[in-house]
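# one predicted model, sequence on top.
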Amino acid sequence: MALEAWFMDESNEDQRLPHHRNPKELVSLNHLAELGVLYWHLNPNNYENDKELQKIREARGYNYMDLLDLCPEKVTNYEEKLRNFYTEHIHADEEIRYCLEGSGYFDVRDKDDQWIRIWIKAGDLIILPAGIYHRFTLDTSNYVKLMRLFLGEPVWTAYNRPQDDHPARKEYIKDLTGKMGVPLEAH
Ligand SMILES: CSCCC(=O)C(=O)O
Ligand SMILES: [Fe+2]
């Protein structure tokens, strides 16, 4: 089962709707990888005892873990948190989220500043690189349970756009430019 991702339309309708373009413009895992977005599909029923998850955590140094059950009963300032999640931002570190139940949308900006919507469901683990502009919303199912992973003491600070001078943003842009190759004129 592969992850579904697509370019978003420009409409201001409910953020929880899919916002496909017409016709649909799907985005491949390769395209996401070029932006530094990584993806695994794991067995969400086995997260407490999953060798594959353990391997990823060990390989990438993710020693911190907690669970975020995104519903009004369990989250203080639920509405405010959702608003903040959907405000375009970056972090100084990777954002690692593993969906255990429910579903939701991670939106990331591509190289041309277009929004790509990534639909995560139970079993999807994604890593957003430090410095990528992104946001998150629930979809119409209105519920998600996420595992949050981190290397070291967790820092969740969000820096809202614009962040052109943030070191993580500059580093990210440098990496992206490197992946796009040297322009012909420079040879
Ligand atoms: C609900 S986790 C995703 C929201 C987000 O971008 C963040 O926590 O920084
Ligand atoms: Fe974030």
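In hand now; what should we look at? Ligands and ions are numbered 1, 2, ... in the order given.
# distance check, the nearest residue to Phe85 once chain neighbours are set aside against Glu58.
In this structure, Phe85 finds its nearest non-sequential neighbour in Phe136, 4.3 Å apart by Cβ to Cβ, 6 or more residues apart in numbering. (Each C-beta comes from the backbone N, C-alpha and C, glycine too.) According to Cβ to Cβ, to the nearest Å, Phe136 and Glu58 sit 26 Å apart.
# sorry, back to before: doesn't the residue nearest to Phe85 lie inside a helix?
No - judged by DSSP: H, G, I helix; E, B strand; the rest coil, Phe136 forms no part of a helix; its state is strand.
# pretty sure it contacts Glu88?
No - using Cβ atoms under 8 Å, Phe136 makes no contact with Glu88, being 10.5 Å away.
# more neighbours: which of these two?
Remark: of Phe136 and Glu88, Phe136 carries more neighbours, 23 against 16, as counted by other Cβ atoms under 10 Å.
# so the more buried one bridges to which residues?
Taking DSSP bridges as the rule, Phe136 bridges to Phe106.
# who touches it in this structure?
Applying Cβ atoms under 8 Å, 6 or more residues apart in numbering, we find Phe136 in contact with 85-86, 104-107.
# residue ranges for the strands of the protein, please.
In the chain, the segments counted as strands under DSSP state E are 4-7, 38-41, 64-70, 89-90, 95-109, 115-121, 124-128, 134-138, 144-150, 159-160.
# ligand 1 versus His41, what's the distance?
His41 is 18 Å from ligand 1, where distance means Cβ to the nearest ligand atom, to the nearest Å.
# pretty sure that residue is in contact with Leu29, am I right?
No - look at His41 against Leu29 with Cβ under 8 Å: they stay out of range, at 10.5 Å.
# list the residues that contact both of the two?
With Cβ under 8 Å, 6+ apart as the test, His41 and Leu29 both reach 2-3.
# the residue found closest to Pro129 once you drop the neighbours it is linked to in the chain and Asn45: what is the separation?
Leaving out its chain neighbours, the residue that sits closest to Pro129 by Cβ to Cβ, 6+ apart is Gly36, at 3.5 Å. Separation of Gly36 from Asn45 (Cβ to Cβ): 29 Å.
# got it, and His31?
His31 sits 30 Å away from Asn45, going by Cβ to Cβ.
# ok, those two, which is more surrounded?
His31 (15 against 12).
# pLDDT at the residue in the chain that ligand 1 sits nearest to, what is it?
Closest residue of the chain to ligand 1, Cβ to the nearest ligand atom: Phe136 (3.6 Å). For Phe136, the model assigns a pLDDT of 98.
# so Leu146 touches Leu70, yeah?
Yes - Leu146 is in contact with Leu70 according to Cβ under 8 Å; the separation is 6.9 Å.
# common neighbours of these two, please.
Taking Cβ under 8 Å, 6+ apart as the contact rule, Leu146 and Leu70 both touch Gly104.
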